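In: 3D, please:
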Amino acid sequence: MKSILVAIFCLVAGVASAAEIKVLSGGAVEPGLEAFAHLVKREMGHELKIQFNTAPQIVKRLASGEVYDILISPPGVIEAADKEGKVAADTRVPVGRVGAGIIVRAGASAPDVKTAEALKQALLSADSVVYNTASTGIYLDKLFGKMGIAEQLKAKTTRYATGAEVLEHVIKGKGKEIGFGAITEIKMYEAKGLKFVGPLPAEIQNYTSYDAVMMKGAASADAARGVLRYLATPAAKAAFVSGGVE
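Out: All right, here's what the predicted structure looks like:
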């Protein structure tokens with residue numbers, strides 16, 4: 001009887017220690033973070049309640065006073081939040097990085113994008129170009145400027161706030177259309193009518209890095225700290241890699 005009571009106590013204690021952890025994250029790490037969330041649930045018992053946004057949207061949400069247990073975003077966003085006293089800097093952990101890729105709709109001819117010069121010619125001959133206004137799009141604006149083709153592309157360029165909107169636009173597109181997005185997000189849409197042409201050529205590839213940190217005022221602070229410590233383990237890294245986050 002005593003052993004049964006001990007077992008019941010341990011079970012109840014384990015359930016009581018499980019927490020619901022609110023996470024605000026950049027959308028580009030979604031496949032890896034979802035894999036990590038399953039790992040956390042299985043190994044720690046915690047439930048990660050995740051909301052995904054672009055970096056600009058995350059900045060707006062933080063500015064409005066929203067508080068989460070864990071924030072996952074590019075380093076610049078975290079550094080700005082730290083200066084405003086919104087995050088616990090000592091809990092910061094690197095998550096990984098995501099490269100940019102090139103897309104066309106399924107069934108369309110894939111342009112040659114193996115080199116920067118080939119990509120330049122493909123863009124100039126395209127009917128339209130589509131990319132976001134977030135991290136990837138900010139980089140592409142600068143890249144097209146350096147290539148000397150920004151003005152030629154302006155009239156045929158369509159921009160969206162999120163990567164998902166870009167991918168959905170390309171799926172429904174017509175003619176010779178080229179789109180850009182985070183490789184992790186592209187992979188999630190390949191079965192929906194999207195063709196991944198390839199990553200940006202190595203000489204002009206751009207990686208967006210992501211870090212995780214606990215926010216001050218976190219409702220589940222102890223559990224969040226534990227999850228962030230677990231994030232630094234090989235098992236956690238493997239979960240993110242499985243989702244395309246390097």
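
In: ok, for the most centrally placed residue in the chain, nearest residue in space, not its chain neighbours?
Out: Geometric centre of the chain, nearest residue: A28, 1.8 Å, by Cα atoms, centre = their mean. Excluding the flanking residues, the one nearest A28 by Cβ to Cβ, 6 or more residues apart in numbering is A182, at 3.9 Å. (Glycine included, C-beta is placed from N, CA and C.)

In: how much space separates that neighbour from K22?
Out: 23 Å (Cβ to Cβ, to the nearest Å).

In: for the two, indicate the residue with more neighbours.
Out: A182 (27 against 21; other Cβ atoms under 10 Å).

In: got the contact list for that one?
Out: Each residue near A182 by Cβ atoms under 8 Å, 6 or more residues apart in numbering is listed here: G27, A28, V98, G99, A100, G101, T136, G163, T208.

In: give the burial count for the nearest residue to I72 once chain neighbours are set aside, as a bare number.
Out: Nearest non-adjacent residue to I72, counting by Cβ to Cβ, 6+ apart: S25, 3.9 Å away. As a burial measure, S25 scores 22 neighbours (other Cβ under 10 Å).

In: stretch 235-243 - what's its average pLDDT?
Out: Stretch 235-243 comes out with an average pLDDT of 94.

In: could you list the residues in contact with that stretch?
Out: The contact list for stretch 235-243 (Cβ under 8 Å, 6+ apart) reads 29-36, 38-39, 43, 95-96, 184, 230.

In: hey, where'd the helices end up in this protein?
Out: Here the chain has its helices, by DSSP state H, at 2-17, 30-44, 55-63, 75-83, 116-125, 135-147, 150-154, 163-171, 183-189, 221-231, 234-242.

In: right, and those helices - which one's nearest E203?
Out: Nearest to E203, of all these, is helix 116-125, at 5.5 Å by Cβ to Cβ.
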